[in-house]
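In: sequence and predicted structure are below.
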Amino acid sequence: MFFPDKVKGYREAHRVLKTGGHFLFNAWDRIAEIEFAAVVTLVLAAVFPRDPPDFMARTPHSYFDVERIRDELVGAGFTSISVETRDEISRAASPHDVAIAYCQGTPLRNEIEARDPSRVEEATQKAAEALVQRFGSGPIEGRIRAHVINAIR
């Protein structure tokens, strides 16, 4: 999901694999399927309405189209491709932990600081409040979904 040129990256994986070798990777599903990320992204859009930080939607959650992934793997030379979509639960000790993780522990922090470095704590607090409203104030759980891809050379 992070290669700028996915087909080029896949071609390189194909090149270095032996015949019958497996190229395994995963890609997050769309952001709406990742509950904590979706809540934090909506909050940041409200905090910065003119220029919302969109790293989560733009990068880790933008490469979710299974048919596109298959087509790009075929374009790189893979012929046997399987995809398993997995639904799981993400758990956190508190909504505040989730807010800190996203707003201060991912590239979202860089995007928040680029807009106004003095608002990192405010953005984190608003994210925590929204997470409390949605999931409660104790330990929380949210749905996550990823595609696990196995491409065989």
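Out: Yep, it's here.

In: buried stuff in the helix or strand hosting A99?
Out: In this structure, A99 is located in helix 95-105 according to DSSP states H and E. Across helix 95-105, burial judged by 16 or more other Cβ atoms under 10 Å covers P95, H96, V98, A99, I100, A101, Y102, C103, Q104. In this view, the C-beta of every residue, glycine as well, is placed from N, C-alpha and C.

In: can you list the residues you listed in JSON lines and add distance to Q133 and pLDDT?
Out: As requested, the buried residues of helix 95-105 are arranged in JSON lines below (distance: Cβ to Cβ, whole Å; pLDDT from 0 to 100):
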{"residue": "P95", "distance to Q133": "9", "pLDDT": "98"}
{"residue": "H96", "distance to Q133": "13", "pLDDT": "98"}
{"residue": "V98", "distance to Q133": "13", "pLDDT": "98"}
{"residue": "A99", "distance to Q133": "12", "pLDDT": "98"}
{"residue": "I100", "distance to Q133": "17", "pLDDT": "98"}
{"residue": "A101", "distance to Q133": "18", "pLDDT": "98"}
{"residue": "Y102", "distance to Q133": "16", "pLDDT": "98"}
{"residue": "C103", "distance to Q133": "16", "pLDDT": "98"}
{"residue": "Q104", "distance to Q133": "20", "pLDDT": "98"}
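
In: export the residues you listed to a markdown table and tack on distance to T85?
Out: Output for the buried residues of helix 95-105, formatted as a markdown table (distance: Cβ to Cβ, whole Å):
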| residue | distance to T85 |
| --- | --- |
| P95 | 27 |
| H96 | 30 |
| V98 | 23 |
| A99 | 27 |
| I100 | 29 |
| A101 | 24 |
| Y102 | 23 |
| C103 | 28 |
| Q104 | 30 |
